[in-house]
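**Q** Return a 3D structure for these sequence lines:
(one chain, ligands or ions: 1)
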Amino acid sequence: MTKTVKVGSLFMGGNNPISVQSMANIKTSKTTQVIEQISRLEKLGCDLIRVSVKDQEDILSLKKIKESISIPLVADIHFDYRLAIGAIEQGVDKIRINPGNIGGEDRVTMVADALKANKVACRVGSNTGSIEKKFAQKYGKSEIALAESALEKVSMLEKHGVYDIVVSAKASSVPLTVSTYKYLHEKTNYPLHVGVTEAGTLNSGLVKGSAGIGALLLSGIGDTIRFSLASPPEEEVKAGVKLLRALGLKENGVEIIACPTCGRTEYDSIGLANRVEQLTAHIKKPLKIAVMGCVVNGPGEAKDCDIGIAGNGENCVIFKKGEVYLNAPINDAERVFLEEINKLI
Ligand code: SF4
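**A** Numbers count the residues shown, from 1 in each chain. A predicted model of the protein is given here:
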């Protein structure tokens, strides 16, 4: 089992729930917009959020952002140790940094001291673009090279007495990502931040992310997850929450069961399924909602759903746990169905 690391109000690793994270995609100095975006992500189920810190202007926004949100805040820093120290002093809960590229041992010491003094966690890691040369030469572009690059950064922090560490080692290839995390899982007990990096546009990214993260989570590997999608971060959070639900690792929220439709479909069930999903995305209560094309198979196939709807000629039937209890004309069915869902919430 991985060790538990405290990240603000969140506990990562051990037996704690797997957290969903994402990254704001607005410049951090645009404080109000960033806060608004994070608030939207929180409502969708984001458990912690990362922002990039590129300059002093960004640093100045961190405190206000931190005060305005209720999930832990992570600062993403490249190269400049002063930005890392500045972010820590502004109250972020975790930083992501590469101790190998901030310019030498004395700077690593300063960052490590700031981390310890403020009890701030740190994520270190690697990706296929940042494999250390010596490992690439020795092991090629392999899971060992990728994982050992990450583990070397862990050692750099441990040398300075930093132990609140989260580790990542991502590739955009699903098989390489999975084998790398399996290797890491054998070698370290720090919590693992799992994801397939630069997974692509929404559709292909969802497939790659789900395949990679899903395979790892089903093997018991992974403590926090991020979908890296070329899409708004809202999509990343929705995907993370849905994946955890699909794997039985999260009970909260609405799960939509919808049939693929066929020649028996009696109404626009696909359109309705999408609208119901959108309208219920913010609901935390565990609820299974079925939207089925026809009454022939719909209620039976969705027996374990709390509520469902299926087409039946001129009407739609609404059912609970597979038992029909209400009829509504097709034109009015959506309104009636949403009202019935609201009664359950
Ligand atoms: S529930 Fe009905 S409409 Fe949907 S796929 Fe099954 S048979 Fe076809």
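**Q** what's the burial count for residue 256?
**A** 17 (other C-beta atoms under 10 Å). Every C-beta, even on glycine, is put in place using the N, C-alpha and C of the backbone.
**Q** That one reaches residue 279, doesn't it?
**A** No: using C-beta atoms under 8 Å, residue 256 is not in contact with residue 279; the gap is 10.6 Å.
**Q** residue in the stretch 201-345 of the chain nearest to the ligand?
**A** Closest to the ligand within the stretch 201-345 of the chain is residue 293: 2.7 Å, counting by C-beta to the nearest ligand atom.
**Q** Report pLDDT for that residue.
**A** At residue 293, the model reports a pLDDT of 94.
**Q** quick one: pLDDT of residue 128?
**A** 87.
**Q** Quick check: the residue of the stretch 201-345 of the chain closest to the ligand touching residue 312?
**A** No: at 10.5 Å, residue 293 does not count as touching residue 312 under the criterion of C-beta under 8 Å.
**Q** coming back round to it: and the residue lying closest to the residue of the stretch 201-345 of the chain closest to the ligand once chain neighbours are set aside, how far from residue 310?
**A** The shortest distance from residue 293 to any non-neighbouring residue, by C-beta to C-beta, 6 or more residues apart in numbering, is to residue 265 (3.5 Å). As judged by C-beta to C-beta, to the nearest Å, residue 265 and residue 310 stand 10 Å apart.
**Q** So between these two, which is more surrounded?
**A** Set side by side, residue 265 and residue 310 show more neighbours around residue 310, with 29 against 17, by other C-beta under 10 Å.
**Q** chain center to the host helix or strand of residue 36: distance?
**A** Per DSSP states H and E: residue 36 is located in helix 31-44. In terms of C-alpha atoms, centre = their mean, to the nearest Å, the centre of helix 31-44 is found 15 Å from the chain centre.
**Q** So residue 129 belongs to a helix, correct?
**A** Yes: assessed with DSSP: H, G, I helix; E, B strand; the rest coil, residue 129 lies in a helix.
**Q** so how far is residue 136 from it?
**A** For residue 129, the distance to residue 136 - C-beta to C-beta - is 11 Å.
**Q** So for these two, which sits in the more crowded spot?
**A** With neighbours defined as other C-beta under 10 Å, residue 129 and residue 136 compare such that residue 136 has more, 15 against 10.
**Q** which SS state does the more buried one fall under?
**A** Per three-state DSSP, residue 136 ends up helix.
**Q** That one: what's it in contact with?
**A** residue 145 (C-beta atoms under 8 Å, 6 or more residues apart in numbering).
**Q** could you give me the average pLDDT of the helix or strand harbouring residue 343?
**A** Take DSSP H and E as the rule and residue 343 turns out to sit in helix 330-344. Here helix 330-344 scores 93 as its mean pLDDT.
**Q** got the contact list for that helix?
**A** Residues contacting helix 330-344 (C-beta under 8 Å, 6+ apart): 266-267, 272, 275-276, 279-280, 285, 287, 289, 306-307, 309, 311, 314-316, 318, 326, 328.
**Q** For residue 293 and residue 312, list the residues in contact with both.
**A** residue 266.
**Q** Who has more neighbours out of the two?
**A** Per other C-beta under 10 Å, whichever of residue 293 and residue 312 has more neighbours is residue 293, with 25 against 20.
**Q** about what we covered before: just say helix, strand or coil for the residue nearest to residue 293.
**A** Per three-state DSSP, the secondary structure class of residue 265 is coil.
**Q** try the one 10 residues further on
**A** Remark: residue 275 carries the secondary structure label helix [criterion: three-state DSSP].
**Q** Could you tell me which residues make contact with it?
**A** residue 334.
**Q** So in that sheet, which strands flank the helix or strand containing residue 6, and in what orientation?
**A** Element membership for residue 6 (DSSP H and E) is strand 5-7. Pairing partners of strand 5-7, with direction, according to DSSP bridges: strand 10-12 (antiparallel).
**Q** Sort out which residues of the strand it pairs with are buried, please.
**A** Of all the residues in strand 10-12, those buried under the rule 16 or more other C-beta atoms under 10 Å are 10-12.
**Q** Centre of the chain to the helix holding residue 343, how far?
**A** With C-alpha atoms, centre = their mean, you get 31 Å for helix 330-344.
**Q** So residue 37 sits against residue 236, correct?
**A** No: with contacts counted by C-beta under 8 Å, residue 37 stays clear of residue 236, the gap being 11.9 Å.
**Q** So between the two, which is more surrounded?
**A** Per other C-beta under 10 Å, whichever of residue 37 and residue 236 has more neighbours is residue 236, with 29 against 20.
**Q** What count of nearby residues applies to residue 56?
**A** 12.
**Q** Equivalent analysis for the one 5 residues further on, please.
**A** Using other C-beta under 10 Å, residue 61 has 20 other residues around it.
**Q** Is it located within a strand, as I assumed?
**A** No: under three-state DSSP, residue 61 sits outside any strand and is assigned helix.
**Q** Who are the contact partners of it?
**A** Residue 61 neighbours (C-beta under 8 Å, 6+ apart): 28-31, 34.
**Q** check contacts around the nearest residue to it once chain neighbours are set aside.
**A** Excluding the flanking residues, the one nearest residue 61 by C-beta to C-beta, 6+ apart is residue 31, at 4.3 Å. Residue 31 sits next to 61, 64-65 when contact means C-beta under 8 Å, 6+ apart.
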